[in-house]
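Student: Let's see this in three dimensions:
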Amino acid sequence: MAEDHTILREGLRALLSSKSQYLIAGEARDGLEAIRLAARIRPDLVLMDLSLPKISGMDAIIEIKRVSPATKILVLTVHKTEEYVAATFRAGADGYILKDATSEELEMAINKVLEGYRYLSPSIADWVIEGFLEGKRTQDPSSPWESLTQREREVLKLVAEGYKNKEIADYLCISPKTVERHRANLMRKLNLHSASALTAYAMEKGLVTK
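Tutor: Numbering: from 1, shown residues only. The predicted model follows:
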């Protein structure tokens, strides 16, 4: 389980541990910890929040699929937009369920994903299908967000969380000058000109919670 809110994580643990068919192999409070645990444990399934500290759930999905390809990933999130659904499945997720789902739906979603099926919450499936049938683009591939590299997204997230250049450099094992270059690229690509504007953008994209 990858979830930064302790109460929710404890509730999920109590719920799933009460079922004999499930064993909670590990718990992560941020995206980096989720990646490290997945690489070490190689679990059957990761229950993944999207708005995680340090490394976003979206980027963690990509990395977990790289280090443990057989691991299934079921996203559990509050985000209901078509953009998030499409981006999550593109990243490699196997299922998408909302946090206001019932415990029965969560169990069904877990089982479906473990059986090899894709799962999407019925409450959002209808309009996602409608959008597909209408030929709507869920996200413009040439948008500023799509132009960002994974490293730039990592720097954006850390900037939004309030880390200074030196702290970001130490955390990512890069030089402060490289961090400055990434920040400059972010501002240029996004046409934003301050740390507060970058933070607001990161919140809009769900990289950090408000």
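
Student: Could you export the longest strand along the chain as PDB, CA atoms only?
Tutor: Taking DSSP state E as the assignment, the strand of the chain that covers the most residues is strand 72-77. These are the backbone C-alpha positions of strand 72-77, laid out as PDB (Å, rounded to 0.1, in the frame of the first residue of the first chain):
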ATOM      1  CA  LYS A  72      -0.200  -5.100 -10.700                       C
ATOM      2  CA  ILE A  73      -1.000  -1.500  -9.800                       C
ATOM      3  CA  LEU A  74      -4.500  -0.400  -8.600                       C
ATOM      4  CA  VAL A  75      -4.800   3.300  -8.200                       C
ATOM      5  CA  LEU A  76      -6.900   4.500  -5.300                       C
ATOM      6  CA  THR A  77      -7.500   8.300  -5.600                       C
END
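
Student: Now do it: everything it contacts.
Tutor: Residues from elsewhere that reach strand 72-77, judged by C-beta atoms under 8 Å, 6 or more residues apart in numbering: 3, 12, 44-51, 57, 61, 64-65, 84, 88, 92-99, 106, 109-110, 113-114, 119. Using the backbone N, CA and C atoms, a C-beta is placed for each residue, glycine as well.

Student: mind redoing it with 6 Å?
Tutor: Applying C-beta atoms under 6 Å, 6 or more residues apart in numbering, the external contacts of strand 72-77 come out as 45-48, 50, 61, 88, 93-97, 99, 109, 113.

Student: following that strand, which helix or strand comes up?
Tutor: Later in the chain than strand 72-77, the nearest helix or strand by DSSP states H and E is helix 82-91.
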